[in-house]
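> Build the 3D model from these lines:
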Amino acid sequence: MTLTTAPPGPADAPMRDGGTATWSPSITPPIGVDLTERQALACAFRILGHSGFSENIAGHITMVKDGDTEGAMWVNPWGLWWEELTASDLCVVDRDGTVLEGRWDVTPAIHIHTELHRIRPDARVVVHNHPYYVTVLAAIGVLPQIVHQTGCMYDGDLALVHEYTGEVDDAALGADLARQIGDSSVVILASHGIIVTAPTIQEATYRSASIDRACRLAYDVMLLGRDPLQIAPGLRHGMKKSLLERGTDVYWAGAVRSLLRREPEVLD
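Sure, this is the predicted structure:
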């Protein structure tokens, strides 16, 4: 078989607005049930667990409690897999990682989250785990190229933290990592995994659920030994807005509906 290469796309394509400025649906299918924030977070754990984002016992998601001026946050307990979590299993910790509510213990790696929340009020939700293709690229210190339109949701947001310090198990290490992350919202940690931050659980789940496929596509294109066709910056800009502004809530609603049909006990 002979492979042919198409000419590259126009690098100077005009900026596209995209998003709800271009089109907004008049109505979208609802979830069918009102979720508390605790139930929503439990759903996020299972959705991401089933998507292949989590590595067995690893990983954590924190979500600052709505309206909590002291910065208390929900988090998963140590010892339960993401796929088995229910709303009642979640713990509440304070800004220092001390458990305030919950039946279980919390990993010392909570400091990955506490210190990032401390300096990033925009990051209400912080997601961390070790998806397979993310960690393939993390092993060689490479960020994924944007090779497909869905990857445009990460345009301008991807960053790499090179330094590996082993387990982040105290506040000082967490603070150092938070400084390296800065204001980046999707950060690959060399030899480790990924951190995704977002203002809502809906966006955090959508972006986390989509990143490993983006990395797998980039990895497979690397294996072909060919340079991918370029998506012009102006087109990436518009596509990113369309995906996040229109797609986030639709993805979330569909993922939760599917989960609740199979595993309604997640809300318990």
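> Could you check which helix or strand contains the nearest residue to residue 149 once chain neighbours are set aside?
Closest residue in space to residue 149, ignoring its immediate chain neighbours: residue 239 at 5.3 Å, by C-beta to C-beta, 6 or more residues apart in numbering. For glycine as for every other residue, the C-beta is placed from the backbone atoms N, C-alpha and C. For residue 239, the element it lies in under DSSP states H and E is helix 233-241.
> average model confidence for that helix?
The average pLDDT within helix 233-241 is 96.
> ok, back up a step: the residue nearest to residue 149 touches residue 18, doesn't it?
Yes: Residue 239 is in contact with residue 18 according to C-beta atoms under 8 Å; the separation is 6.0 Å.
> Return the per-residue confidence for residue 70.
Note on residue 70: pLDDT of 89.
> for it, helix, strand, or coil?
Following DSSP: H, G, I helix; E, B strand; the rest coil, we place residue 70 in the coil state.
> Can you report how many residues lie near the residue lying closest to residue 96 once chain neighbours are set aside?
Closest residue to residue 96 apart from its sequence neighbours, by C-beta to C-beta, 6+ apart: residue 114 at 6.5 Å. By the measure other C-beta atoms under 10 Å, the count of residues near residue 114 is 23.
> Which elements pack onto the helix or strand residue 114 falls within?
Here residue 114 is covered by helix 111-119, with elements defined by DSSP H and E. Here helix 111-119 touches strand 60-64, strand 73-75, strand 125-129, helix 171-181, strand 193-198, going by 3 or more C-beta pairs under 8 Å, 6 or more residues apart in numbering; DSSP states H and E.
> Many thanks, I have nothing further to ask.
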